[in-house]
Each structure stands twice: as structure tokens, then as C-alpha cells.
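>>> test case, fold it:
(3 chains)
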Amino acid sequence: MLSLLRTIWSVFLHAFARRATVQYPEQRPYLAPRWRGRIVLTRSPDGRERCVACYLCAVACPVDCIALQRAVDAEGRHYPAFFRINFSRCIFCGFCEEACPTCAIQLTPDFEMAEYHREGLVYEKEDLLISGPGKYHAYDYYHVAGIAAADKDKGEAEGERPPVDTRGLLP
Amino acid sequence: MPAIIIDGKEYRYEGEGRNLLEVCLSLGFAVPYFCWHPAMHAVGACRQCAVKVFTDETDTRGKIVMSCMTAAADGMRVAIHDPEVADFRARVIEWLMVNHPHDCAVCDEGGECHLQDMTVMTGHVSRRYRFDKRTYRNQELGPFVHHEMNRCIQCYRCVRFYRDYAGGRDLEVFGAHDHVYFGRFADGVLESPFSGNLVEVCPTGVFTDKVFKEQYARKWDLATAPSVCTLCGHGCNILPGARDGTLRRVRNRYHHAVNGYFICDRGRYGFQFVNSEFRVRTPLLRDGGTLRAASADEALARVRTVLAEGTVAGIGSPRASVEANYALRALVGAERFCHGLPEKEFTLLEALVALMRSARTPFPTLPEVERADAVIILGEDLANTAPRLELALRQAARIVPDELEAAALGVLPFDDAALRAATQGGTHPLFLAVTGATSLDAMATARCRAVPDELARLALAVAHRLDPSAPAVTDLGADAAALADRIADALRTAKRPLLICGASAGSPALIAAAGQLLRALDTAGTAPMLRVVAPACDSMGVALLGGISLEEAARADTLIILDSEQLSAAQVAGATHIICLDSLLTEIGERAEVVLPAATFAESGGTLVNSDGLAQRFFQVFVPEGDIRESWRWIAEILGQPWANLDALLAEIAAELPVFAPMREAAPPADYRLDGQKIPRQSPRCSGRTAMTAHVSVHEPVPPDDPDSPLAFSMEGASGQPPAPLVPRFWAPGWNSVQAVNTFQEEVGGPLREGVLCRVIVPAGSAPPAAPVPPAFVPREDALLILPAYHLFGSEPLSLLTPGIAALAPAPYLALHPADAARLGVTVGSMVTVTLGETALTLPVVPREDVPRGAGLLSVGLVETPDALPAWGAVRGGAHA
Amino acid sequence: MPELLRYLLVILGVVLAPLTIAAGLTWGERRLLALFQDRYGPNRVGPAGVLQVLADMIKILTKEDWVPPFADRPVFVLAPAIIIIATYLSFAVIVFAPGIAVAELNIGLLFFLAMSSLSVYSVALAGWASNSKYALLGSLRSIGQMLSYEVFMGLSLMGVVVMAGTFDLGAIVRAQAGLWYIVPQFIGFFIFFIAGLAETRRIPFDLPEAESELVAGFHTEYSGMKFAMFFLGEYVAITLFAAMLTVLFLGGWHGPGSQSTLVALGWFLLKTLALIAVFILIRASLPRLRYDQLMEFGWKVMLPLSLVNLLVTGAVVLWRG
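Numbering: from 1, shown residues only, chains lettered A, B, ... in the order given. Next up is the predicted model:
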């Protein structure tokens, strides 16, 4: 019984405590860089699209709000021919970012996306693609992958030996 | 039933002479493996399938063995989950992964990769090897197979399939130690017509599907439904996968009796016509000389007016389902329904059906074909007319010792390499009686290359030798007589002789002779197996349906044509009104009054009767864009909806034509439910549902209803394993790759669970048709007997819409014997004019030693031939090309 | 004539005041909860957010008034009206200030008890008519809870009646001129306070509408104006109980300073509002009870306690003669 009264008393004292919430939008809270807001597609350090359209974000998405189609360009780089996120369905869980093997898809500290029409919340690739590398500055997937693409030939990735000479007879 | 003790628990298993791995997998244990393949057996190359075997109950240490190289035995004690052996397997995969690139995101195998599955299964998570990875350069292997050699784990499956199993010669393993390289000697197109199977055989992403690469989707995103290949008469089971309204790829659907684990490249890659830009997607109506898009009601109204005037004939198609043909027959009446074939071709089909019914031994399934110990092929170039059968015959030709023989040789019956060494490449007798060179020539014991009548005489001569009561062929040449003796001896001594005959040679005499030979073999007491080859996916269906000939039908005022791409415009030139039910806009469609957009195999359901007399159901895979409907649905619209769904139509067919009554058993009816639910076409992890069409409308569309089958177009539904005819995908927890098929089989390599074999043509032992001995062939001075030459890539018009197939199709040609060429005064590369009836064709000449004297081989499908071949054609030499 | 006018004014006041307080509470409760929880609460519409009341009213009135097709329509419509009527009738007997009452009945207290127990019908009928499992379970809980707590709610007041010697609420207030009954009847006050919480289905006794298990209990299927009636009914009932506590234990209109009617009314209002604030403070502080705890607490603690209180009070009154 006493503990109940103590609880009530301590809750009552909170009437004089500092407010935890802020007066948004006049006052803006600090959002950490890893805050899970609007999703963007980033570029690798050399300025090319990072997304290789592996479909892992789409399959990780619990609300199935990511759709894309893979294409391969003349240099052998994979890229999404279209990449669509239906933000009216997105729950900002960040699974897509977790799933992304190339650090291409990232969540940003921006949540101000309100629209009067749901159509406005369907973002295409051009709406999603930003010009920088986002949170991960140095990562370039093609420099660790085994396929040859653009400026990287076989055996030029990190931790790779030059291609084997299959006709060589040396042991 | 022998018993085996696995991890302390006793299990019963079936089958003698099986290896431990097969037994464990059949019992549902997850034992990882790479180099073992159920169709190619074991070589023990990868060391992945290690288990522990104990000598008796007092043995606590046990020893690690490779389960694929160990025979399962009654009372054997095995441990799969022993920590020591589990660690062994994890270390094996670790070293296999030492050089594996960090590629999964850009690898087409990702998500259906056996290597991924096995890595997860063994529990290997992190690469400890810190030195550099070995790399290779890739090769350009043609339009179908993409090569990414860095991903190789050296399991040797590719060369074992390509060389040992499929008889290819241009894929080899090069190099030594850790520089082993699987590829061709130099860049170039893979020659084998089965190269596409490398994609499924390779446990990782070294060989991937290049056509699929262009329109890639992950396995989990593809909506798939059981289907049947429509590109030849063999009826291989396939699994087409669609996404976003387009057909993306075709994969093999295991059916132990029809196609096993493999399909040919035409079947795998020839589906691109479904996505063709020439597709008709709305009804087209002729309005003042031009075709314009119209609404369905408008088009149907016009169809009804047109059908009301003059005489009407309906032209069916051996490439359309039984249901579509029957619906057309119901529309125009049985006496006005044409089977879509010229009289000569239809006679051949009728002869084949009669031949099949005259058989007394059950028709062989594919594994039975593979176990035949003497084969005679009459007039079929199988690699080009029924490639899957050719692949089976390659297995039949090879001597594979059975269990007892293997034991006598001291090798295990599943040890592939040891068996091959023990048999020293020995082959069973394989006789080829064909019109030209074939892919089996190198394996043949003896071959006869002649015109079909000569082949028929040879067959009759063999029949006479086996059964003296059969008519004798008196004026046979000495060589042919000697060959006939050899063939007769070989067939007489064989335990499981197999006779293959088909319609490709275009000769009724040959089919009749095959009937005599079959009966003679029977009389000689050998229980011969018969396998016939029909040209199109539903040839046997239309043969059973019957109808008037194309020539007769063409005399009608109004023609309603199903799948007009099989006809030439000249064949229907006489008609005033033409109504087409077409999936593609054809030459005939261009001059039609109305074109109704018909669904392709991937967009409709129905039943096809393959050349073996098996009725097989195919299911709609996806709902296409536009107002495309099944042909039978369009006809139902014209008739005023007499059939509510496919089952109602099937019921009517069964009632009208009792021969088709068994067809209803080919698949469960539309009201079948698995655990009370429909079976989903999409995988439960299909992605993008709320975004795929969001750019059109943010509201997700309701998945379309499917009144014709127990399959649903969405991902909602039963999650269990449906009966074999309804299996929409091979997947099991932990098994994402095609190897998941193991979990769907009654036992590894056996039939799928709850499978059906629904035959509408059965061996009845009826009297074979009379076979008068044809006169000996006499070459003519002024003309050549033009024989058809078939090409896997080229003779089938729809598959030519796949760019890769079109690129590999040969240019049209006329091949003739060099002696004939010299006689006619033509040289290589020069053009000749062949006059067939009233048509003159100008073609380049290819002199070939394998062409019979006095005959010419004309590439069919690539040029339009006015009449059925063989036919005499006057040949005139022309100027140099 | 002025008598009649005064009478009409009192009636109008008694109708409007609880309604205004209840409406204000829709905003006030959220503001107060926010205050106790370090937040701001609705502060955007109008000065300090008071026009939130108006915004909410517009919203709730323009919402679709949906009667589920599976519901028992007449009963479904009737149920929310009963709760409002029953609660309002109780206000008729409350004496707000000397002479300011609709009906100063000599059995005022009994009338209040009778009316407040009528509201259980509303809940029972609403749950039944909704024809939905959540609603039915919620209403069954509610009936059990309200019937149990009514037993000692009545008993807890008997101490006051014994001390004042009357059921007349005006007389009871006048009897507290020297000493408010909260002092001699603290146990009675405490029991009645808790019973009030239970009767109004407020946290920690909000099991009938426990959203985590029953969606919204007996009013799951209600929307629009009908929901608003339940919603407002709850606030009116809170106001009623606060007023009754004021009348019975906190000396009604008594207060230091001027004895004019207006000041008396002011004291009454102040005490009532303070009690409402305590109700809200409790909501902010305490978690919901389990159903067995609720029943055990009611029958095994509160009922004996109220009986003991009545006996002791009776004994003391008899002893003092």
C-alpha cells in the first residue's frame, strides 16, 4: 500500500520535472546518424551507383515495399533498372540496410515525409539516389568481389592473385 | 527391407546396392554433398559427404567414411551428427571456400545455390584463410551459358555431365593442382544441345543462365507453376518462372519417367516467344483493309457474324492443347474440324498410334530406356527431333554393370569412375537406320544411311530374320543383308531390346516396317520395348481427336485457325474469311478478319499428349498483360460459355471421346485443396508485393483468381508438398537449390510423391498394320528425293524467336552427296534451285558424304516447304552465291 | 416567478456543468497525464490547446456512425444512452451549495446509489448487443467488477449516514460544518474512493476495456457519437464521484472566508476538480490489476474493512449516545 502511495507521489513530482519531449517543429531534436528515417541509395567513392540489384533488401523487407529489376551495363556492373520504395508501406525497420551487402541502401535521419496523397510516397530510383557515399565512406563492393567490372579486372580485387595461366606447365 | 542405424535410431530403407548418401537423403537426413549427383552417381571427389561408420555396438570410435563411396548395408551403424565428423565436414567446406569469391550479391546462383545451402548446413561461417584468392579468366561460351570460373569448387560435376553423361566433347578440365580449370580449349559456343543443364548441375555459380541474366529475378521472386515443354513431342516437364508479367526462365521439372533431371537447350531457352514484341495482346479486327485493336465484345460480335456466313472449317493444331482443339471441334462440329495437318502428315501420326497400340510390352519409361541393352533407331535423328531421348540412349548405349556384375568386377555399383574403368567404354549394340549423320554415329555399333524406303526394307529384312513368317525382302544388297543379320542377332540375344521409330522421316512404309519388326521381336520372345517420336507437343492428341485434312478444310469459305504459325499462308489462300486464335501476329494473322489474342503455354492450362501417349497437364504460370485468354476460353465466349472451367471442359471431352477419359487423372481437379488451401505459385518469400505496381497505383492489386486449377496466383496458400503434378517449385527448408528435388522424391532418384502416369495410348497387342515390302530405291536422273533434315535450333519456329537460338540456327541449305553434286555440276557454296511441286526454292548447296545417293537433305523449318517431305524435287544448278 | 427562474437556472447549470467539465476533461486529462509523464500534451489548438476539445468534438461528430450488421441494433443504440442518463440522474440529488440542488431528496444518498448501479446495464447491454467476443468478455468482466464493488461502496457510506443520521445530502454537508467527515470516516473515504475508481472503470481497474487483451472491451464495436457517449459517460461519472466525495467527506461547499452562494459553489468546484486531478494522477501512476487480484481485493479486503468501519462507527456513535 505504501509503495503505491510512494509511486503516486513520485509520479506527482514529475509534474515539476523537465519535459522530455521538444516543441517540434520550432525546436528540433538531435537525430543520430544511424537514425532510421528516409531511405536513400548511395554511391561508391568513385561516384558510381553502389546498388548491384541483388534483391536482398527486397527479400528482407517485411512489408514487401521494395521492388527493383536488375540490369547489367556494358562495363559488367550490375545496377537496378528501376528501384522503387513505397514509403506509404515502409515501417523503417532498417532490415534493408542490414541486408545490403554493398552499403548501397541506407537509412537517414530524415522523417519529414508527410504527403497528402499516398502516390507521393512512392519513390523511384532518381528520388532515392544521392550523390555521396552516405555513412560508409570507403567501401566499394567491386573491389572485394570476384567479378570483373568497369575499372577492375580479374585478380585486381583486394586479396586476389593475378589470374591463373591455365596453359602453364609449371608446378 | 534392410535396416540401418543412424545416430542410434533404426530406420528401414529400400533398394539394394545403394550408397549410404542416397539412403540417408532418402530417409530425410541432411547430409551435405557436392560431386555426387543422382543421375551421375558417385566419384568421391569433394569429400563433403563424410559420415562416421561403426563396426558394431561396442565400437565407440568409429571411422570417417565418404557416404557416397560406401555401400549401405543391413544393420550398418552410422553417425551423421557426431561432433568429430560434423567438424570434418565444416573443415571440408572451409577449404572449398578458400578461393570462393565474395560474389553472392552479383551471382545469379545466389538464393538457389547448393554451395550456399551446404555452407549453412555444415555451419561454416567465417573464412580463416588470410592469403590471397586464386582467380581465373572467364570464357565466352555462347548465348546460353555464362562462365564465372572464380566461383568453382572443383567438384567435377560439369565435365562429368557434359562429357560422360551427355557425350559432349568441348568442355574439359585443364591444368593441375590448384590451377584446375573447367572450360573449353578456347572461347566458343558450347556444342552440346544439353549445355543448359550445366546451370542446374553446377552446385555454385560457375555456369549460370545467360538468357535469364538479361531479365534476372531471384528464385524466391519467380512465380512458378508445373508446365510441360511444347517445343517437341517428348513432353519434358518444365518449371517456367515468371515475374512482373514476363516469363523469365524455364527450368527442368523432375519427372522420373519422362525427363529425369535434364532437358535440352531448345526446351530451356526456346520460351522467349512468350515475351515477344510480336505478341497479340488485344483482339484485332479488320477495318477497311487494316487490322486495328478492338474490344473483346466487338471482336466476338464480328466472329459470330463471320461464322454465320458460308461454309466454316476449324483448323486445330498439334501444338495446341487437347482442350483447345476439342473446343474448336465443338464450335465447328466434328465433321468440319481439321486436325491442322496435311493428309500425308496425319497418316503418319495415325500409323504411329496404330504402331503403339500393336505393342504388347508396356512402353518404357525414361529409366527403362536408359537400361535398354540393344537399340535400333529407325529414321530418327534424335538429337534434333527428340533430344531428351537421345540423351537417354547415350546412357543405354553404355554398358553399366548391374549389381551382380559389378560385384564380380570388384567395384561398387554406384562408383561411376570405377565402373567406367571396369567396362572400358564398352557399349551395347546400337543400330542406326537413318537418312543422314546423327549425333549418335560415334556410339553406333553399325549404321545404315539410306532413304526411308530402303530403311523400311532393312527393318523388314531384320523382321524376317527374327521371325521367318514375316515377309522376306528378296532383292536386298549384300551389305544391307549382312547388316540385317547383325542387327537380328543382336536384338535376338538382348534382354531388353528397344525400337525407336517416328514420323520425322515422313515415311508410312518405315512405320509399318517398324510394326513388323516389333511383332517379329515379340515372336522371337524378347519383349521388345517401343518408343515412338512424334513431331509436336500434342501430335498424338490430334491424332486421337481426328478430323478432316488441311487440304479439305482449306476449301471452306471461312476458316477459324488455332495457332496459325504452324501453317503457311499458301495453305489457306483459298479462304474468304479467316479468324485466327494466335499468340503471335503471323503472316496468316496479317490477312485475317479477326485475330483473337490467345495465351501461350505459360499463360494457359491444358493437357498435352506426348509422343509416348502420356497425357500431361500444364498449368498457367502468370497472368499476361492485355486481353489475352486461353484459346478454349475464346471459343467458349463464341459458344456462349458452355464450360465453366477447365474441369467442365475435360468432363465433356471424357464424355464425348472415351479415348481421352483417362486424361482427367493427369492432375487433381480445380477444387483440390492441400490442407484446405490452394497451392501458391509464388514462394512465401516473394518480394515487392506492395511496391511492384505502386507506380501505377499505390493500392495493391487483388491477386487474380484461377478457376481452372488448384494453384493460386499469390503467395498465400498451403505450405506442404503437393502431389507431383501440382508441384510448383522444388524447395525445402535448408534446400534452396534445385537439389531440393531430393526431398520431393519417394526415394532419391525415384518418382516424385503422388505422381501419376496417365496414358491415353496403351499397348493393346492389336495386329500391326500390313507392311508390303517397298521396292528398292532407284535414284532419278533429273531429280533428288528431298528428305527433311531437322535442327534442334531452327526446325521449331517459335523457339527461333529466342535470339540465342536464332543465332545458332543454321542458314537454310540443301545437302547432297558429293557424287550427286558432281553429277548436277554444283559446287560448295553455289546456289541451286529445288522445284518441289509448284514451289521453287533457291538454296546454298552443302555436299555431305552422309547423304544417301540420289537424295537431298533439306533443312526444314528454316525454309517454307509447300508439302510434306519426302518428295521428289527437280534440282537445277545455279550461279555462285 | 424568480423562484421558477432560479429553479430553471439550477437545472440548466446541473446539466451544463458536468458536461462542460467532462468535455474539458478530454483535454485536461491528456494535459495532466502529459504533465506527470514529462510531456506537453495537446498544446497546439488554441491557447494552451484548450480548443482541442472543439477539434475532438468535430472529429468525433463527423466520424462514420457505424452499426455493425451483426449487432442487435435497438439494444446497441440504446446502451450508450443508458449510461449517460443514469449518471446524469445522480447529479439531480447533489447539493452544490446551500439551496443549489435540483432535488434535495431526503433519501438522496440512496437515490445516488440506485442510479449509479443502473449504469451497469448500459455496459452489459452494450457488450451483449455488439455480438462480438471482445465486447462480450469486456462486459462480463465489467458486470462482475461493478456488482462486487457496489456492495461495499454502499456499506462504506453507511458510516457517514450513521454519523449524520440522515440520507439527505444537504443535511450531510451541513453536519460537516465543524469537521469534515474525511477525518472520522477516513476509512469510509478511502473505500468509497477506490470503489469510485472501480465503478468508473478507471485505471487501475480498467479491466473491462483492457486494450492489450480485449481491444476496447464492451465498446469495441462502437464508433462516432455512440462511442463519444461512452467516452463522455466515463468523464461525467468521474465528475459525479468527485462531487459525491466532496459532498460526503470533504464538507461540500464549506470553506474558509465568505459564505455567499458563489463562494460556496467555488469551494465545491475546487474540491471536485482537485479530486478529479487525483483520479488522473492515479491513472498516470498505477498499472492495471489482474482480474483475480481485483476480485480478491474487493471481497477479501474492502468488504471486511467497510463492515468493520460501519461497526466501529456505529459502536462509537452508540457509545457517545
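>>> and C:Ser212, how far is that from C:Arg141?
14 Å (CB to CB, to the nearest Å). In this view, the C-beta of every residue, glycine as well, is placed from N, C-alpha and C.
>>> and the two? Which one has more around it.
Between C:Ser212 and C:Arg141, counted using other CB atoms under 10 Å in any protein chain shown, the more crowded position is C:Arg141 (23 against 6).
>>> the residue lying closest to B:Val353 once chain neighbours are set aside: how many residues sit nearby?
Distances taken as CB to CB, 6 or more residues apart in numbering or on different chains put B:Ala543 closest to B:Val353, at 5.1 Å, once the chain neighbours are dropped. Applying other CB under 10 Å, we find 26 residues neighbouring B:Ala543.
>>> hmm, B:Ala543 is touching B:Leu349, no?
Yes. In this structure, B:Ala543 is within contact of B:Leu349 by CB atoms under 8 Å, at 3.8 Å.
>>> can you pull the residues that touch both of those two?
B:Ala534 (CB atoms under 8 Å, 6 or more residues apart in numbering or on different chains).
>>> now do the contacts for the most centrally placed residue in chain A.
Note on chain A: the residue nearest the mean C-alpha position is A:Gln106, at 1.7 Å, using CA atoms, centre = their mean. Residues near A:Gln106 by CB under 8 Å, 6+ apart: A:Ile39, A:Val40, A:Leu41, A:Thr42, A:Glu97, A:Cys100, A:Gly134, A:Lys135, A:Tyr136.
>>> and these, which of them are in helices?
A:Glu97 (DSSP state H).
>>> among the contacts of A:Gln106, which are within reach of chain B?
The subset of those within reach of chain B, by CB under 8 Å from any CB of the partner chain, is empty.
>>> so what's the backbone phi/psi at B:Val228?
Per-residue torsions, B:Val228: phi -130, psi 140 (degrees, to the nearest 10).
>>> C:Phe218 now?
phi -70, psi -20.
>>> that one: how many residues sit nearby?
Count around C:Phe218 with other CB under 10 Å applied: 32.
>>> which ones are touching it?
C:Val123, C:Ala126, C:Gly127, C:Ser130, C:Ala135, C:Gly138, C:Ser139, C:Ser142, C:Pro208, C:Glu209.
>>> go on, C:Gly188?
Counting by CB under 8 Å, 6+ apart, C:Gly188 has contacts C:Ser156, C:Leu157, C:Gly159, C:Val160, C:Tyr181, C:Phe249, C:Ser306, C:Asn309, C:Thr313.
>>> those residues also near chain A: which ones?
Applying CB under 8 Å from any CB to the contacts of C:Gly188, none is adjacent to chain A.
>>> could you dump those into CSV and include pLDDT?
CSV is the format used below for the contacts of C:Gly188 (pLDDT from 0 to 100):
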residue, pLDDT
C:Ser156, 87
C:Leu157, 87
C:Gly159, 86
C:Val160, 86
C:Tyr181, 83
C:Phe249, 88
C:Ser306, 89
C:Asn309, 89
C:Thr313, 89
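>>> okay, and which of those map to helices?
Going by DSSP H, the helices hold C:Ser156, C:Leu157, C:Gly159, C:Val160, C:Phe249, C:Ser306, C:Asn309, C:Thr313 from these.
>>> tell me the SS of the closest residue to chain B within the stretch 51-200 of chain C?
Chain B sits closest to C:Glu64 of the stretch 51-200 of chain C, with a gap of 20.1 Å, by CB to the nearest CB. When classified by DSSP: H, G, I helix; E, B strand; the rest coil, C:Glu64 comes out as coil.
>>> name the nearest residue to it, ignoring sequence neighbours.
C:Gly224 (6.1 Å).
>>> count the neighbours of B:Glu625 for me.
By other CB under 10 Å, the residues close to B:Glu625 number 12.
>>> isn't there a strand covering it?
No. Secondary structure of B:Glu625 (three-state DSSP): coil, not part of a strand.
>>> check contacts around it.
Each residue near B:Glu625 by CB under 8 Å, 6+ apart is listed here: B:Gly245, B:Arg281.
>>> is the least confident helix or strand in chain A by mean pLDDT in proximity to chain C?
Ranked by mean pLDDT, DSSP states H and E, the weakest helix or strand in chain A is helix A:2-13, scoring a mean of 88. Yes. Helix A:2-13 reaches chain C (CB under 8 Å from any CB) through A:Leu4, A:Thr7, A:Ile8, A:Val11, A:Phe12.
>>> output the contacts of C:Gly188 in TSV; the columns should cover neighbour count.
Below are these laid out as TSV (neighbours: other CB atoms under 10 Å in any protein chain shown):
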residue	neighbour count
C:Ser156	28
C:Leu157	28
C:Gly159	28
C:Val160	24
C:Tyr181	23
C:Phe249	26
C:Ser306	25
C:Asn309	22
C:Thr313	20
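>>> could you find the closest non-adjacent residue to the closest residue to chain A within the stretch 101-250 of chain C?
Per CB to the nearest CB, the residue of the stretch 101-250 of chain C with the smallest distance to chain A is C:Pro204, at 9.0 Å. Excluding the flanking residues, the one nearest C:Pro204 by CB to CB, 6+ apart is C:Leu286, at 4.2 Å.
>>> picking that back up, what sits against the residue of the stretch 101-250 of chain C closest to chain A?
C:Leu197, C:Ile282, C:Leu286, C:Pro287, C:Arg288, C:Leu289.
>>> just those residues now: which is nearest chain B?
C:Arg288 (35.9 Å).
>>> okay, the nearest residue to B:Val201 once chain neighbours are set aside: pLDDT?
Leaving aside its chain neighbours, B:Val201 sits nearest to B:Phe161 (4.6 Å; criterion: CB to CB, 6+ apart). Turning to B:Phe161, the model gives it a pLDDT of 96.
>>> do B:Ala655 as well
Confidence at B:Ala655, expressed as pLDDT, is 95.
>>> what do you get for B:Pro866?
pLDDT, read off for B:Pro866, is 68.
>>> can you show me the helices along the stretch 1-150 of chain C?
Listed from the start of the chain, the stretch 1-150 of chain C has helices (DSSP state H, counting those that start in this stretch) covering C:2-36, C:52-62, C:73-91, C:108-130, C:133-164.
>>> Serialize the ones you listed to CSV and add fields for distance to A:Arg118.
CSV is the format used below for the helices of the stretch 1-150 of chain C (distance: least, CB to CB, whole Å):
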stretch, distance to A:Arg118
helix C:2-36, 29
helix C:52-62, 21
helix C:73-91, 34
helix C:108-130, 32
helix C:133-164, 30
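>>> of all those, which one is nearest A:Ile85?
helix C:52-62 (31.4 Å; CB to CB).
>>> and the angle for the closest one with helix C:2-36?
Between helix C:52-62 and helix C:2-36, the angle comes out at 100 degrees (axes from the mean of the first three to the mean of the last three CA atoms, to 10 degrees).
>>> list of residues touching helix C:52-62?
By CB under 8 Å, 6+ apart, helix C:52-62 touches C:23-24, C:26-27, C:30, C:42, C:44-46, C:224-225, C:227-228, C:231.
>>> in the stretch 51-200 of chain C, where is pLDDT below threshold?
Nowhere does the stretch 51-200 of chain C drop to pLDDT under 70.
>>> and the contacts of A:Gln106, which are buried?
A:Ile39, A:Val40, A:Leu41, A:Thr42, A:Glu97, A:Cys100, A:Gly134, A:Tyr136 (16 or more other CB atoms under 10 Å in any protein chain shown).
>>> quick one: contacts for the second one?
Contacts of A:Val40 were listed using CB under 8 Å, 6+ apart, and they are A:Ile105, A:Gln106, A:Leu107, A:Thr108, A:Leu128, A:Leu129, A:Ile130, A:Gly134.
>>> ramachandran angles for the fourth one?
According to degrees, to the nearest 10, the main-chain angles of A:Thr108 amount to phi -120, psi 160.
>>> okay, now it: neighbour count?
18.
>>> now do the first one
Using other CB under 10 Å as the criterion, A:Ile105 is surrounded by 26 other residues.
>>> that one reaches A:Ile39, doesn't it?
Yes. With contact defined as CB under 8 Å, A:Ile105 and A:Ile39 form a contacting pair (6.2 Å).
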